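K.L.:
Sequence and computational prediction follow.
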Amino acid sequence: MIRILKYFKPKEWLMALFSLAFIVTQVWLDLKSPDYMSAITMLVQTPGSAMNDIWLAGGKMLLCTLGSLAAAVTVGFFAAQVAAAFSKRLRSLLFNKVESFSMEEIKRFSTDSLITRSTNDITQVQILITMGLMVIIKAPIMVVWAITKIAGKGFAWSLTTGAAVAVLVVLIGFIMIFVMPKFKKMQTLTDNINRVARENLTGLRVVRAYNAEDYQAKKFEKANEALTATQLYTGRAMAIMMPVMMMIMSGLSLAIYWIGAYLINAAQMMDRLTLFSNMVVFSSYAMQVVMSFLMLVMVFVMLPRASVSAKRINEVLDTEPTILDGSRTDGLPGLQGEVTFKHVGFKYPDAADSVLEDVSFTVKQGETVAFIGSTGSGKSTLINLVPRFFDATAGEILMDGVNIREYTQEALHSKIGYVPQKAVLFKGSVASNVAYGDNGGEGYSADEIKKAIAIAQGTDFVENMEGGYEAGIAQGGANVSGGQKQRLAIARAVCRKPEIYIFDDSFSALDYKTDRVLRSVLKKETAGVTSMIVAQRIGTIMDADQIIVLDEGKVVGQGRHKDLLQSCEVYRQIAMSQLSEEELVS
Amino acid sequence: MSERSTSRRPLGGGPLGPGAVEKPKDFKGTWGKLIAYCQKYMPAVMIALVLAAIGTALQIIGPDKLKEMTNEIMKGLPALVNGVPIASAIDLGAVGNIGFFLVAFYAASTLLSFMQSFMMATVTQKISKNMRAGISEKINRLPLKYFDRVSYGDVLSRITNDVDTIGQSMNQSIGNLVTSVTMFVGSAVMMFRNNWIMALTAIGASVLGFAAMGITMSKSQKYFVRQQKDLGAANGHVEEIYAGHNVVKAYNGGKEARRFFEEVNDSLYDSGWKSQFISGLMMPLMMFIGNFGYVAVCVVGAALAMNGAISFGVIVAFMLYIRLFTQPLSQMAQAFQNLQRTAAASERVFDFFDEEELPKESQKTNRLANVKGDVEFRHVQFGYTPDKTIIHDFSAQIKAGQKIAIVGPTGAGKTTIVNLLMRFYELDGGEILLDGIPISQVTRENVHEQFCMVLQDTWLFEGTIQENIVYCKPGVTNEQVVSACKAVGLHHFIRTLPHGYDTLLNDKANLSQGQKQLVTIARAMIQNAPMLILDEATSSVDTRTEILIQEAMDKLTVGRTSFVIAHRLSTIKNAGLILVMRDGDIIESGNHKELLERGGFYADLYNSQFEPAA
């Protein structure tokens, strides 16, 4: 938690310091008003005092209260500004950090975890800092100051107050020890009940087909029982809190007065008045002390959660991206659109086996190279090395005759039109999604966008959408179907006018017919662009200039469809499972 | 400071202070429903509320007694008698009496309010439990149609978020409302009983303060709304950009993403600190109101005491009353917000409860038994929505043991046939007959019993492999499970797992996609029904597993009338009947040869996958 404070800027430290000054003022004023209260008590009791004096004392006390309000408002102002500015900076730092990450770092943290860290965790820290400025600092000052003021005014009273605080601490300790773990457990149980319900929902058809409604209900019942039992425990335990706290407060007042009666009775006549006003003042100070303790404890209850959040944020901020920029922006002349792999290998850090081993090939401008193999054969990893989502751990990859590490990432990416396995759409419009990103040019005209969509076989459905090319796209593309998403993602790559297309299994979501038409048009309209294709379907890659067959990270076949059918057993097996023999040779 | 600052927020508090409260559409109606729903617990709730009222009343009488004690103590203070200060002894006996009386009072009050909280906590948790169970059961009674328009997330959020909200806010709202109203009215009464001038002073001072607070709060609403919106926008953007990281990178979209993020972040900063500042104002303002009333009471009280109109004890009592009086006002506001929150959440839960269920079928006596497997579609008409019929008039006769392949491009509605056969959806016209009996004349359960079903999205639940295979079928022996697994070629693999058949399947899943598919096939084998619905795997599994799956599926089809959503040519070619679907409708039917000769859509589709891209 402390470590994250290094992201405070001097301006915020200054503001925090200001807050401190105002907090001290506020405490001083809060503790001053009982003095006037005692003055009023004295005045009322002292024979012959003037009404004027009472007004004066009352006025001063009111001024104190107003002053305290003003101070509190000021502190609140600073605290809100400091916390908001701080969380804004953290959010921005985190966002930029994650943007600079390669897929390797993203994978290490997982996308979901990074999202939680950038949203929820920051909120936690923000709450703690606001509370911290207002309470953590104020409470101890209040406690110490109030105690020094009380001290010496009556040992018995101090002892009583101490006892009250002790009871409170024990009560809260009890809750921390016995109830807090249950709160944690409750989270797991809630997740559990959620899981059972989600299972039922996602398997709705299966549940019904197997007449398993009762089976599911029993399962849910079990999860529900467990959750309810824990909730009952915590609910009932917390039910003790408020009544006992109220009792301590009221009891403390009573005890101070009761003890006061004895003290006053035993005192000399002239001391009695002082003692009495002391008693009134004491009871109000005692409340302040108890309340401050209470607030402090509340903050300490919150602290563990926020400090976990802070730690998680720090973890991200302390991670250095592994992919570093080069400086070149242009390739060698005459080698445009050419990609060469030279003995390329890839291995995750700490992994025993390589994902890819010794892959070599060259693809020339306008040619198509295709990769095929079973799941886990490394074909997706291979193609992801080209835009440097990961860096190859052995060998080198050349694009336009230059090692891809020598380019700036921006220049490298400008040469590539990449379509991922799972199409990604952003909130916006059809046009904004197709014209997404920056290829170093001037942006795209409406005609270019229209043409790209036409090549990607999307014209029909786009023009049928309400608003056509300006039709809205919901977050994650939730309002278009899988095949439509994929076509827009392809249009995005086309619109970019790249030197090289990378299709990472981008055609599987399309039916055979669309797949074929799309590839024909693509070939005709964007001749001269090199294609690298990962595919599942033999039909998609049959006509590639070069097919590379991967098995467990190694190249087991390299050549054209017809040759591979003869020479490569793995390729033959894949082909056989999809097409019957006579169709393969036809 | 006083007790009021320990408002009953759950530990940790809401994120970023009080947000804008969601308003229910029909506040009264929903509460009516909620009360009706909780009928069983109403006596307990009523008792709890009475306890709360009594406990609070005791608390109010407290200061009055403390006043008496102060007066007793005051008697020991020097007073001017004929210009000479004289002090008498304090009647410690009387002080003691009052003291013990108060101890008993406070103890009783504590006990009562504890009982109240305890009962309310118990009741609300039980109600929450019932609601969760109710929602879960409702899920299985709703027609599948319902889930076409409502997302799973929506239903799930009712089970967790909404029910939690109800549990929390109901617990806090009803009890608090009763206590605070009692305290408010009670302390007002007690104040007037003591001294009306001071009572008016106290009330006047508080009203003034609360007016100021009300104005601040109403001004602040817009910042809360804006903050919520900004936070949503920022989180949405973060989610989107992180999830699409590879595309953002590959398209150099980072710069633009950052620019947009900074914009949202700036806006969030602005609305964030403003709303936080204002919500931070509440506490000091409340304190000020308390203190303001306090001073007012002191000054007026002092003036009155000097005139001899009241005793000093009255001032002491008022000093406590003013706290008791100002405290419940904010609590009432909070309690009312909670009532609204409860109503809004309950509204969603009750809406769900009120959804139309599948019709009851207990009156249906017709039963399918020993089914051979003849299926007939007779003039079937169907549409997912009433205004759009997609299957217009489909008829076909299928003999027992035949294989029916359903083909068509993605999104053509191939699962529609499955939905109709299983009666997941009801027909709009015509009939489907099994062995000559219309399936609408028997219960849904009876129809389901006739089919094994293997779908492409392999559905496994968290449990052991054994549990997943047996599922809900009673009386399955271990041998049967083992032989099913041997048949699908899973047995050896399962034996290699650390716990064999008792290996737990969860999201850290130890099975590949293909192996999961095999488990569902084994499950269908155990089910051993006369007919089969099969959704063939597309090519997302590796080659060897795919061959295994095909073999397992082929075994499953033996001797059963099978409906196969087909992706493989070999399946399609030797099917007895091919149903070709497009845009939801069955546009062609017949066997492979007939369809090719017809040269229609099927022929087109079939030929397209072998033509190279020209």
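P.N.:
Yep, that arrived. None of these values were measured; they are calculated from a predicted model. Numbers count the residues shown, from 1 in each chain, chains lettered A, B, ... in the order given.
K.L.:
At the geometric centre of chain A, which residue sits there?
P.N.:
Centroid-nearest residue in chain A, with CA atoms, centre = their mean: residue A:116, separated by 2.3 Å.
K.L.:
Over to chain B?
P.N.:
Note: chain B centre (CA atoms, centre = their mean) maps to residue B:158, 2.4 Å.
K.L.:
Distance of that residue relative to residue B:138?
P.N.:
10 Å (CB to CB, to the nearest Å). Using the backbone N, CA and C atoms, a C-beta is placed for each residue, glycine as well.
K.L.:
Now the common contact residues for those two.
P.N.:
residue B:352 (CB atoms under 8 Å, 6 or more residues apart in numbering or on different chains).
K.L.:
which phi and psi does the residue lying closest to residue B:504 once chain neighbours are set aside have?
P.N.:
The shortest distance from residue B:504 to any non-neighbouring residue, by CB to CB, 6 or more residues apart in numbering or on different chains, is to residue B:464 (5.8 Å). Torsion angles at residue B:464 (phi, psi; degrees, to the nearest 10) stand at phi -80, psi 170.
K.L.:
residue contacts, residue B:464?
P.N.:
Applying CB under 8 Å, 6+ apart, the residues near residue B:464 are B:499, B:501, B:502, B:503, B:504, B:505.
K.L.:
returning to that earlier point: so what's the residue count around the closest residue to the residue nearest to the centre of chain A other than its chain neighbours?
P.N.:
Nearest residue to residue A:116 in three dimensions, chain neighbours excluded: residue A:312, at 7.9 Å (CB to CB, 6+ apart). For residue A:312, the neighbour count with other CB atoms under 10 Å in any protein chain shown is 20.
K.L.:
Of the contacts of residue B:464, keep whichever come out buried.
P.N.:
B:501, B:505 (16 or more other CB atoms under 10 Å in any protein chain shown).
K.L.:
Looking at the contacts of residue B:464, spot the one nearest chain A.
P.N.:
residue B:505 (11.4 Å; CB to the nearest CB).
K.L.:
tell me which residues form a beta bridge with the closest one?
P.N.:
In this entry, residue B:505 is beta-bridged to residue B:463, by DSSP bridges.
K.L.:
Identify the residues contacting it.
P.N.:
Counting by CB under 8 Å, 6+ apart, residue B:505 has contacts B:460, B:461, B:462, B:463, B:464, B:465, B:468, B:511.
K.L.:
and which of the residues you listed is nearest residue A:501?
P.N.:
Nearest to residue A:501 out of the contacts of residue B:505 is residue B:511 (CB to CB; 34.3 Å).
K.L.:
Quick check: the closest one is in a helix.
P.N.:
No. Applying DSSP: H, G, I helix; E, B strand; the rest coil, one finds residue B:511 to be coil, outside a helix.
K.L.:
ok, it touching residue B:519?
P.N.:
Yes. Counting by CB atoms under 8 Å, residue B:511 touches residue B:519, with 7.1 Å between them.
K.L.:
Would you mind measuring the gap between the ends of stretch B:354-364?
P.N.:
25 Å (CA to CA, to the nearest Å).
K.L.:
what about it, distance to the chain center?
P.N.:
Distance of stretch B:354-364 from the chain centroid (CA atoms, centre = their mean, to the nearest Å) equals 25 Å.
K.L.:
which parts of that stretch are buried?
P.N.:
Those would be residue B:358, for stretch B:354-364 by 16+ other CB under 10 Å.
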